[in-house]
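1. give me coordinates for this.
(one chain, ligands or ions: 2)
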Amino acid sequence: MTSLKHYLQFKDFSREEYDYLFARAKWIKDKFKRYEPYHPLFDRTLVMIFEKASTRTRLSFEAGMQQLGGSAIYLNTRDSQLGRGEPVEDAGQVISRMSDIVMIRTFEQDIVERFAANSRVPVINGLTNEYHPCQILADIFTFIEHRGSIQGKTVAWIGDSNNMCNTWLQAAEVLDFNVHVSTPPGYEVEPERAGLYGTANFEQFADPMDACRGADLVTTDVWTSMGFEAENEERMKAFADWCVDAEMMSVAHKDAVFMHCLPAHRGEEVTAEVIDGPQSVVWDEAENRLHAQKALMEYLVLGRIEN
Ligand code: CP
Ligand code: NVA
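-> Ligands and ions are numbered 1, 2, ... in the order given. Got it, this is the predicted structure:
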């Protein structure tokens, strides 16, 4: 029996666990590409709870669970009791008695924390206002595939200090790399909200060009995240100069890759030239959600597998 583990934020795992997971994701991906069935989670059930919209997260978890031999059940706020005020603690008790693993996409981090505290099975954060650990797991796996170890490298984060940015900052502390952040004034990183141990792994830059200089990876995200739609108009004005363009890519390392978790808004946070250009790895990044999360689910349900 493995001890109960959750994946609620990036710093829940150690560097050593990530080394295992990246190697495991590669093994699982290679097997999948050879069309070799692999069903370690036969007869297991994943419950996916969505309080916000999704394409990639739903698809990668649902397809991933099926490919591992299990099944996945989709619940959303609209047509479950979750939208009618059932306490999250009660939902955690009940849902975890009928399933083997749970993934939740919701608003405040506190909701996944409370659910997990009442769950008998592993809980995965599929995005909250504060964090998006599954995405950064896939992003770093993608970086490793393209460029090797991320240790000591520099990631330039351009735009909003949102759930993605916070998770990159946590990852930098766990895996020992640097993040150069450039946000418009008033949207700076809040280290405490980001859940950081310190500030040694990141630097803030007023000018996005300075953040991109010498970076090995340039990345951005939407100016308005889900749940913040009321601020959209104000954000469109504030973020206008934080669009990743060819000029920003030209001051990054010549081998720099561009990433975006998607969905993207061409002409807002990134130009079409960059996201559809030769340095962009966004389609590999999206695909790798599948492989990385298969490794994650296997690890959370079964523990380490030595092949
Ligand atoms: N990147 C990501 O999480 O995409 P979805 O919102 O489509 O799940
Ligand atoms: N920061 C975005 C990511 C979407 C995958 C959001 O929270 O809406």
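
2. for the residue nearest the centre of the chain, which non-adjacent residue is spatially closest?
-> The centroid of the chain falls nearest to Q135 when counting by Cα atoms, centre = their mean (2.0 Å). Nearest residue to Q135 in three dimensions, chain neighbours excluded: C261, at 4.8 Å (Cβ to Cβ, 6 or more residues apart in numbering). From N, CA and C alone the C-beta is placed, and that goes for glycine too.

3. now for the longest helix along the chain, which elements pack on it?
-> Assignment by DSSP state H gives helix 282-302 as the longest helix of the chain. Applying 3 or more Cβ pairs under 8 Å, 6 or more residues apart in numbering; DSSP states H and E, one finds that helix 282-302 contacts helix 15-33, helix 56-67, strand 101-105, strand 123-125, helix 133-147, strand 257-260.

4. what angle do the first one and helix 282-302 make?
-> Which is helix 15-33. Here the directions of helix 15-33 and helix 282-302 differ by 110 degrees (axes from the mean of the first three to the mean of the last three Cα atoms, to 10 degrees).

5. residues in contact with N232?
-> Counting by Cβ atoms under 8 Å, 6 or more residues apart in numbering, N232 makes contact with W223, T224.

6. touching ligand 2 at all, the strand or helix carrying it?
-> Taking DSSP states H and E as the criterion, N232 maps to helix 232-238. No - judged by Cβ under 6 Å from any ligand atom, helix 232-238 stays clear of ligand 2, getting no closer than 11.7 Å.

7. chain center to that helix: distance?
-> Put simply, helix 232-238 sits 24 Å off its chain's centre (Cα atoms, centre = their mean, to the nearest Å).

8. about what we covered before: can I get the helices and strands packed on helix 282-302 in a markdown table with mean pLDDT?
-> Output for the helices and strands packed on helix 282-302, formatted as a markdown table (pLDDT from 0 to 100):
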| stretch | mean pLDDT |
| --- | --- |
| helix 15-33 | 98 |
| helix 56-67 | 98 |
| strand 101-105 | 98 |
| strand 123-125 | 98 |
| helix 133-147 | 99 |
| strand 257-260 | 98 |
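
9. switch the ones you listed over to CSV; also include distance to P40.
-> Output for those, formatted as CSV (distance: least, Cβ to Cβ, whole Å):
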stretch, distance to P40
helix 15-33, 9
helix 56-67, 10
strand 101-105, 12
strand 123-125, 17
helix 133-147, 18
strand 257-260, 29
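
10. distance check, H253 against ligand 1.
-> 25 Å (Cβ to the nearest ligand atom, to the nearest Å).

11. tell me which helix or strand that residue sits in.
-> Counting by DSSP H and E, H253 is found in no helix or strand.

12. pretty sure it contacts R213?
-> No - the criterion here is Cβ atoms under 8 Å, and H253 misses it with R213 at 9.2 Å.

13. could you pull up the residues touching the residue of the stretch 201-307 of the chain at minimum distance from ligand 1?
-> Nearest residue of the stretch 201-307 of the chain to ligand 1: C261, at 3.9 Å (Cβ to the nearest ligand atom). Residues near C261 by Cβ under 8 Å, 6+ apart: H132, Q135, D139, M164, D221, E285.

14. my read: the second one touches R289, true?
-> It refers to Q135. Yes - using Cβ under 8 Å, Q135 is in contact with R289, at 7.1 Å.

15. report the buried residues of the longest helix of the chain.
-> Of the residues in helix 282-302, those buried under the neighbour-count criterion (16 or more other Cβ atoms under 10 Å) are 282, 284-286, 288-301.

16. does it reach ligand 1?
-> No - using Cβ under 6 Å from any ligand atom, helix 282-302 never reaches ligand 1; the gap is at least 7.1 Å.

17. and the angle for that helix with helix 56-67?
-> Going by the same axes, to 10 degrees, helix 282-302 makes 50 degrees with helix 56-67.

18. how big is the angle separating helix 282-302 from strand 101-105?
-> Between helix 282-302 and strand 101-105, the angle comes out at 140 degrees (the same axes, to 10 degrees).

19. pLDDT of the helix or strand where M249 lies, averaged?
-> Using DSSP H and E, M249 sits in helix 246-251. If you average the pLDDT over helix 246-251, you get 98.

20. contact partners of that helix?
-> Contact partners of helix 246-251, identified using Cβ under 8 Å, 6+ apart, comprise 156, 158, 208-209, 212-214, 218, 256, 258, 271, 273-274, 277, 279.

21. let's see 7 Å
-> Taking contacts as Cβ atoms under 7 Å, 6 or more residues apart in numbering, the residues outside helix 246-251 that touch it are I158, P208, M209, C212, R213, V218, A256, F258, T271, E273, V274, Q279.

22. may I see the buried residues of it?
-> M248, M249, V251.

23. quick check: the gap between the last one and R24.
-> So that's V251. With distances taken as Cβ to Cβ, to the nearest Å, V251 is found 36 Å from R24.
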